[in-house]
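Visitor: This is the structure alone, sequence omitted:
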């Protein structure tokens, strides 16, 4: 998380992670509710399910929150368990690269 400069204190990290987790749970509940009301049975119904702009925006925000939460979690895990400075930097770099790959892939799938 030092790479992004967000949430340098433990309390801010805890609050940021809990808020992002709450938003992910809220999105999941909305997704489940929509799937119950509009079952996806084939590719066309899946495309129609993700067609509304508000749902694309909500999904994009959730993917970004998920990815940033992954960066924060990776940074915390590395801080707790990785003692070598080189492995620490490599692990955090991999978490950031993976998270941005998730964002790019999610945006590409939703909007292109």
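Guide: Okay, I see it. Note that the structure is a prediction, hence the values are computed from the model and not measured.

Visitor: what about residue 88, which helix or strand?
Guide: Taking DSSP states H and E as the criterion, residue 88 maps to helix 85-111.

Visitor: For the residue located most distally from the centre of the chain, give me phi and psi.
Guide: For the chain, the C-alpha farthest from the mean C-alpha position belongs to residue 84; by Cα atoms, centre = their mean, that distance is 27.1 Å. Main-chain dihedrals, residue 84, degrees, to the nearest 10: phi -80, psi 130.

Visitor: In stretch 100-112, which residues are buried?
Guide: Across stretch 100-112, burial judged by 16 or more other Cβ atoms under 10 Å covers 102-103, 106. To be clear about C-beta, it is placed using only N, CA and C from the backbone, and glycine gets the same treatment.

Visitor: now swap in stretch 55-63 and tell me
Guide: 58-59, 62-63.

Visitor: quick check, distance from that stretch to the centre of its chain.
Guide: Chain-centre distance of stretch 55-63: 10 Å, with Cα atoms, centre = their mean, to the nearest Å.

Visitor: what's the answer for stretch 26-40, then?
Guide: That offset, for stretch 26-40, works out to 18 Å (Cα atoms, centre = their mean).

Visitor: if I look at the residue nearest the centre of the chain, how far off is residue 91?
Guide: Taking Cα atoms, centre = their mean, the centroid of the chain lies closest to residue 66, which sits 1.3 Å from it. Distance from residue 66 to residue 91, counting by Cβ to Cβ, to the nearest Å: 19 Å.

Visitor: returning to what we had before: for the residue nearest to the centre of the chain, give its distance to residue 105.
Guide: Going from residue 66 to residue 105 by Cβ to Cβ gives 12 Å.
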